[in-house]
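In: Here you go, sequence then predicted model.
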Amino acid sequence: MEHDYNEFKAEEAYLAETISQIEVLLSNALEINSNSEENIVSSKKEMWEDAELFSDNPFERLLTINQFFEPIGIQIASYESIVNKIKILKQMLNNTYFARVDFTEDGEDTEKIYIGRANIINEDVFNIYVYDWRAPVASIFYRFEVGEVYYDAPMGRINGNVSLKRQYEIKNGKLDYFFDANINIADEFLRTMLSENTSPKMKAIVETIQRNQDMIIRDMENDLLIVQGVAGSGKTSVALHRVAYLMYQGLTSKLKAGDIIIISPNDFFSQYISDVLPDLGETNIESLIFEELCKSILTPVFCELQTRNQLFESLITCDDFSKKEIMKSSIEFKASKTFITILGRFIEVFENQVIEFEDIYYDDVCIFDKQFLRDFVSKKSGKIPLVARLGNLEIVVFEKVREMRKTRIVKLENLVREQDDHVLEVAAYARLLSIQESAELLGMIRRFTEIDYLKAYKRLFKDKVLFYQLAEGLILPKNIENILQYTSKNIQSYELLYEDGLLLSYLKAKLTGIQDYYNIKQVVVDEAQDYYPIHFELLRMLFVNAKYTILGDVNQTIEKETDLTIYNDIELILNKEASSVVSMSKSFRCTSEILDFSEKFIENKTELESFNRHGEAPKIIHCNNPLELEELLIAEINESEVLGYESIGVLCRSDKAAKELYSRLKGRINIKRIVEGFISAVTGVFIIPVYLAKGLEFDSVLIYGMNPNSNDEADKKLLYIASTRALHRLSLFDSSNEEVDLDGIY
Amino acid sequence: MEFTEIIDLFCEVLSIDDEGIDKTTGLTEEYGFEPIDIAKLVIAAEERFDIVIHDEDVASFKTIGDMADYIQKNLPEPAFLPEHLIYR
């Protein structure tokens, strides 16, 4: 785009001025940093020296060290924020800003608002060179074209006019080009960005945030924001930018990194997205997978929990129809609202029907009968969690025992005296008897004050009288008997089924009243379509004080029937005052051709909108001979490499299939197999099961060993997920005996 | 209270020397301790440190370290003179 020579010079001059300001800020920050680094080192040294000096006694040393911990913690926090600042400033020396709007607030002069990764301010003269993309005024760049605009500032809505919108390409601190943007040109810019190859990890998209994405990122109205976003609509990216935005807002509302938690579908995904927030200048935000939450609740528990990916794998690879049916109906029923009601009723009757109180005797007297114990525990039910009430009961019992112990000891001493053997050590032997009987008494009391959660959970499925009593008035699945039997059988094994792990966590969390997560203020849940009501019940119980951002795509479920009603369920369960469901229907990832191809595998097509970027049509390669098919696969991998695609994904139906294919290919081409929890950079050729590729993207995708004609709904969903991982090129290798009859695909 | 004080008490009560005894030493027959030794140790510790050891808690002392921790937690609060009464 041609620009006035003077205009270009003026822009260059502004860039130079801004960069010199960044250099000043950077050198200040580096100085503060080296000072605080020294301070921390010297504080730490001082701490150890002092602690050593104080005492050899570990108890005292610990106390001394504790006195130092807090101030050092504060120093480290500010040190880290300086380190982040330095990182961002260094980035901005290269890529200083990416946009400008000329904004005239009603009744004021026109201001040039430059927008970049962070604020660049000369505090001495209050000159703002660059505005952080999260600043309120920056929203006008994302939301409006030239003309009348407004933005919401802390003091209220600001109205005005934008006379210019400009976007820049600055590389290594040099202005490459800029253009004044109306909507088409901005789209062209985005199209250029999208046509590039994918990067090894997800990256920040501040330059290309779209209007509706911006609305989601900056939403502060809703306590619960649910985003239904089609594949490739950027929902994960938007969620992460929203986190960065909330942190920026948090500067005034005291939101800290530890107040936000991101719930990812798997470790692999957590690592894939791990660069985005640091890139936006935010670090230390915890990302967890749901199973980790369960483990932290259940610890210590002496059994393994099946992970969600293991569940997916066993469902996908199960050839036995009736077994698969029972697996599916087991999770569908047990993770449902109906079962949560049953579990809730179980918890209600727990102290009356499940715990078996016994009369307590001490010194040959019944000191508390079981009715007293039951009444004591029931007294404060509803207010205090059961486990705490049982703990209190133990205290009350032993207060009484301790009161009686003096007279008891005298009796025991007399008893010892009667035995001639220990006349010289009467006190010690009497004490030993007392210790032994007290241990026995404690053991007996713990039989009902300590809950064996797994045993209790087992009983729910074994004791059918109890189960049907709890299920009264509820609609149960037809195969309920099979589900009970299947569950009972599985609980005996060392590894708990995925849904049993969830339910056991729910049971324990409810009975103990876990408060570990009360500080969390914002919870982000990605890939929510694979979660069941029990997941959200658990979240509600754990994150009592949190607001939620929940993202999903009902078309991308695995082995589960889901429709849009899942979002109503989530709203009902989380029960927040202000909530809304927004939809992101435009897919930016794939070319139009790939999107058209993918659409054939899903029912709900109307929603999907293409960004209109064109590329090659996807290919279906059909061959009955597996050896030949593999040759064709290798040829396509080579072709993709020749075309310059950096990330090439071979997607298989299951991990089992991926493993088998990998063992045949590894000697012939350079290929890596992605297994759960492992990642190196995603450049090169990868082999991965579809369920693990969710949320990821590859330049070229090769789907191997799946039948595009399949009528199986679950397989169609897998095909949809697999196809929509591709940015530029897609091919499907089918070895089934069926003829391909998808219209107009190739 | 020093951890060595517990060890000393231990050796004194049981008339053994302190070689090879540390926090991780188990209070079990495997380490040569009889149940009666534990009872003696409990009585002696109560006297020496002016504390009460509840009999129902004793079963939780698996090692000397466990017992030391229990004693430490239950030591009487040291009495401090109010600031204005301290003679300087």
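Out: Yep, it's here.
In: Please name the bridge partners of the closest residue in space to A:Pro136 that isn't next to it in sequence.
Out: Spatial nearest neighbour of A:Pro136, chain neighbours left out: A:Ala153 (4.6 Å); criterion: C-beta to C-beta, 6 or more residues apart in numbering or on different chains. Backbone N, C-alpha and C define where each C-beta goes, glycine included. Using DSSP bridges, the beta-bridge partners of A:Ala153 come out as A:Gly156.
In: The residue nearest to A:Leu26 when sequence neighbours are not counted: neighbouring residues, count only.
Out: What sits nearest to A:Leu26 in space, not counting adjacent residues and going by C-beta to C-beta, 6+ apart, is A:Leu89, at 4.5 Å. The number of residues packed near A:Leu89 is 22, by other C-beta atoms under 10 Å in any protein chain shown.
In: quick one: the residue nearest to A:Pro136 from A:Ile355, how far?
Out: Taking C-beta to C-beta, to the nearest Å as the measure, A:Ala153 falls 57 Å from A:Ile355.
In: you'd agree the residue nearest to A:Pro136 is up against A:Val137?
Out: Yes: A:Ala153 is in contact with A:Val137 according to C-beta atoms under 8 Å; the separation is 7.4 Å.
In: Settle it for me: which of the two has more neighbours?
Out: Each of A:Ala153 and A:Val137 had its neighbours counted (other C-beta under 10 Å), and the higher figure belongs to A:Val137 (21 against 12).
In: thought that one was touching A:Tyr151?
Out: Yes: A:Val137 is in contact with A:Tyr151 according to C-beta under 8 Å; the separation is 5.6 Å.
In: name the helices or strands packed onto the helix or strand hosting A:Tyr131?
Out: Secondary structure assignment for A:Tyr131, by DSSP states H and E: strand A:127-132. On a contact count with 3 or more C-beta pairs under 8 Å, 6 or more residues apart in numbering or on different chains; DSSP states H and E, strand A:127-132 meets helix A:5-54, strand A:110-116, strand A:120-122.
In: For the longest one, the averaged confidence score.
Out: In this model, helix A:5-54 has an average pLDDT of 78.
In: ok so A:Lys323 is a helix residue?
Out: Yes: A:Lys323: assigned to a helix according to DSSP: H, G, I helix; E, B strand; the rest coil.
In: Could you report the neighbour count for it?
Out: The local packing count at A:Lys323 equals 13, with neighbours defined by other C-beta under 10 Å.
In: Likewise for A:Leu311?
Out: When neighbours are counted by other C-beta under 10 Å, A:Leu311 registers 20.
In: do the least confident helix or strand in chain B by mean pLDDT and chain A meet?
Out: Every helix and strand in chain B was compared by mean pLDDT, DSSP states H and E; the lowest is helix B:3-14, with a mean of 83. Yes: figure legend: helix B:3-14 in contact with chain A (C-beta under 8 Å from any C-beta of the partner chain); contacting residues B:Phe3.
In: That helix: how far from the chain's middle?
Out: How far helix B:3-14 lies from its chain's middle: 8 Å, per C-alpha atoms, centre = their mean, to the nearest Å.
In: who does that helix touch, helix- and strand-wise?
Out: Applying 3+ C-beta pairs under 8 Å, 6+ apart, one finds that helix B:3-14 makes contact with helix B:35-49, helix B:64-74.
In: Within range of chain B, give me the residues from the stretch 251-400 of chain A.
Out: Proximity of the stretch 251-400 of chain A to chain B is confined to A:Phe398 under the rule C-beta under 8 Å from any C-beta.
In: And the strands in the stretch 251-400 of chain A?
Out: A:260-264, A:286-289, A:304-305, A:360-362, A:365-368 (DSSP state E, counting those that start in this stretch).
In: The closest residue to B:Ala68 other than its chain neighbours: neighbouring residues, count only.
Out: Nearest non-adjacent residue to B:Ala68, counting by C-beta to C-beta, 6+ apart: B:Ile6, 4.7 Å away. Other residues within reach of B:Ile6 by the criterion other C-beta under 10 Å amount to 22.
In: Alpha carbons of the strand holding A:Tyr131, in PDB - could you do that?
Out: Backbone C-alpha positions of strand A:127-132 (Å, rounded to 0.1, in the frame of the first residue of the first chain) are rendered in PDB as follows:
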ATOM      1  CA  ASN A 127       3.100  10.700  28.000                       C
ATOM      2  CA  ILE A 128       1.700   7.400  26.900                       C
ATOM      3  CA  TYR A 129       3.600   6.100  23.900                       C
ATOM      4  CA  VAL A 130       1.800   2.800  23.700                       C
ATOM      5  CA  TYR A 131      -1.400   1.500  25.300                       C
ATOM      6  CA  ASP A 132      -1.600  -2.100  26.600                       C
END
